[in-house]
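# one predicted model, sequence on top.
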Amino acid sequence: MADARPPVAGVVAAHVRDVPDFPQPGVVFKDLTPLFVAPEAWDRVLTALADGRHGEVDLVAGVEARGFVVGAALARVLGTGFVPVRKAGKLPGDVVAATYGLEYGEATIEVQTGAVPDGSRVLLVDDVLATGGTAVAAWDLLERVGARVVGFDVVVELGLLGGRDRLGVRPVRSLLTVG
Ligand SMILES: O=P(O)(O)OC[C@H]1O[C@H](OP(=O)(O)OP(=O)(O)O)[C@H](O)[C@@H]1O
Ligand SMILES: Nc1ncnc2[nH]cnc12
């Protein structure tokens with residue numbers, strides 16, 4: 001029987017809340033909390049992200065904090081481990097670090113050296129792609145510790161902020177693109 005459920009983009013659109021002027025004036029914040037608390041919609045999203053488009057994946061990586069929600073859940077669905085990309089000063093031991101700009105400020109993220117077996121195929125995920133600063137920094141850090149990053153997947157892409165262009169030839173997939 002045909003699947004009568006709405007396409008996943010519609011499911012995402014129905015579970016994203018726009019919050020004007022957060023965290024600073026002029027930013028329309030895409031809040032995915034309504035998606036995270038809706039088990040059926042969340043399951044649709046995870047199933048879409050687990051469609052195998054990037055081929056074999058050894059590990060999923062996600063960026064603190066909202067990328068942990070997406071990444072850890074997807075890793076469970078794919079049956080892989082999860083690599084945390086954390087904000088500065090949170091990971092013990094040796095780390096590599098990168099500082100980057102994003103839509104509303106600047107941040108530094110870190111990955112542990114030794115976190116990823118050399119040559120592992122790693123899928124990087126996050127909730128939102130905006131300027132792409134976070135994704136490019138995380139991608140490069142993962143490769144510095146030996147990963148082969150196979151793609152970057154997000155739930156929502158803010159198309160007008162140019163993140164996809166910034167990622168260049170790196171494969172990017174979003175479930176919903178908005179202006
Ligand atoms: O494409 P960019 O312009 O880099 O923006 C996207 C990033 O911004 C948000 O994270 P944020 O740094 O706000 O952290 P949070 O997950 O802790 O809220 C979002 O979860 C992405 O990681
Ligand atoms: N507008 C936005 N909404 C949610 N997360 C973001 N990260 C960067 N820009 C964002």
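Nice, thanks for sending it over. Numbering: from 1, shown residues only. Ligands and ions are numbered 1, 2, ... in the order given.
# by residue count, what's the longest strand in this protein?
strand 148-158 (DSSP state E).
# quick one: average confidence on that one?
Taken as a whole, strand 148-158 has an average pLDDT of 98.
# touching ligand 1 at all, that strand?
No. In terms of C-beta under 6 Å from any ligand atom, no part of strand 148-158 sits within range of ligand 1; the closest distance is 7.7 Å. All C-beta atoms are positioned from the backbone trio N, CA, C, and that covers glycine.
# and that strand, what does it pack onto?
helix 39-49, strand 121-129, helix 133-144, helix 163-167, strand 172-178 (3 or more C-beta pairs under 8 Å, 6 or more residues apart in numbering; DSSP states H and E).
# quickly check: the shortest one near ligand 1 or not.
Yes. Residues of helix 163-167 are located near ligand 1 by C-beta under 6 Å from any ligand atom, namely Gly163.
# now the residue nearest the centre of the chain: closest residue in space, sequence neighbours ignored.
For the chain, Asp126 is the residue whose C-alpha lies nearest the centre (C-alpha atoms, centre = their mean; 1.3 Å). Once flanking residues are discounted, Asp126 sits nearest to Gly67: 4.1 Å by C-beta to C-beta, 6 or more residues apart in numbering.
# which residues does Asp118 contact?
Each residue near Asp118 by C-beta atoms under 8 Å, 6 or more residues apart in numbering is listed here: Gly146.
# is it in a helix, a strand, or coil?
coil (DSSP: H, G, I helix; E, B strand; the rest coil).
# just the pLDDT for the nearest residue to Arg17 once chain neighbours are set aside.
Nearest residue to Arg17, sequence neighbours excluded (C-beta to C-beta, 6+ apart): Asp31, at 4.2 Å. As predicted, Asp31 sits at a pLDDT of 98.
# what does Asp31 show for phi and psi?
With angles defined as degrees, to the nearest 10, Asp31 sits at phi -90, psi 120.
# tell me the bridge partners for the residue nearest to the centre of the chain.
Val154 (DSSP bridges).
# relative to Pro92, how far out is it?
23 Å (C-beta to C-beta, to the nearest Å).
# up against ligand 2, what does the chain have?
So far as C-beta under 6 Å from any ligand atom goes, the chain lies against ligand 2 at 27-30, 102-103, 128, 130, 158.
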